[in-house]
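[1] okay, here's the prediction I keep looking at, along with the sequence it came from:
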Amino acid sequence: MTAVLRVTSAGLTGAMAGIHLYLWATGYQDLATVGALFLLNGIVGAVLAVALLVTPVRWLGPVAAVTALFTAGTLGALFLSLTTGLFGFDESLDAELVRPTLGVETAGVIVLTTLAVAALSHRYHLPHLHHGHHRQRGRHEDHGRPARPGDDGAQGSRHLRR
């Protein structure tokens, strides 16, 4: 399941990056501040999409969490540009790719957060103890009484050290 989440997360992040690069290349590059932010978003998004695919499992949780936060920030910026404006730029729901972007970024936040939680849970998951075959330190394994010197919990001969 983590592999599906990883690939889906990378695809959504790559789609977000592609949308921003496309819009930058087709006119947004001329917008003060917003143009540069679209280019930056496209580049960082592309790097994060690749990172989601190549990051070792032990670091996948933090990379997914950072990417989820980045995507949530991007979605927040779009929301601001649709409502109050952002850096003097007012976006419209009818503008090119706004509706698909809302879908891609919303899905991205959900899938990336799921991946981050799954990967971090796996990373910090304690090993299962099967059928009570564990010993408490300093306790005899069968009766909970203090272990004697030289008692390794094994059946058979015991050697006392003098």
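    Right, received. Where do you want to start?
[2] which parts of this structure are helices?
    For the chain, the helices defined by DSSP state H occupy 2-25, 34-54, 57-83, 98-123.
[3] measure residue 40 to residue 116 for me?
    The gap separating residue 40 from residue 116 is 22 Å, by C-beta to C-beta, to the nearest Å. C-beta: built from backbone N, CA, C; applies to glycine.
[4] for residue 103, that is, sorry about that
    Between residue 103 and residue 116 the computed distance is 20 Å (C-beta to C-beta).
[5] the two: who's more crowded?
    residue 116 (22 against 12; other C-beta atoms under 10 Å).
[6] any idea how far the more buried one lies from residue 52?
    Taken as C-beta to C-beta, the span from residue 116 to residue 52 is 10 Å.
[7] wait, what's in contact with residue 120?
    Going by C-beta atoms under 8 Å, 6 or more residues apart in numbering, residue 120 touches 61, 62, 65.
[8] next, residue 93: phi, psi?
    phi -60, psi -20 (degrees, to the nearest 10).
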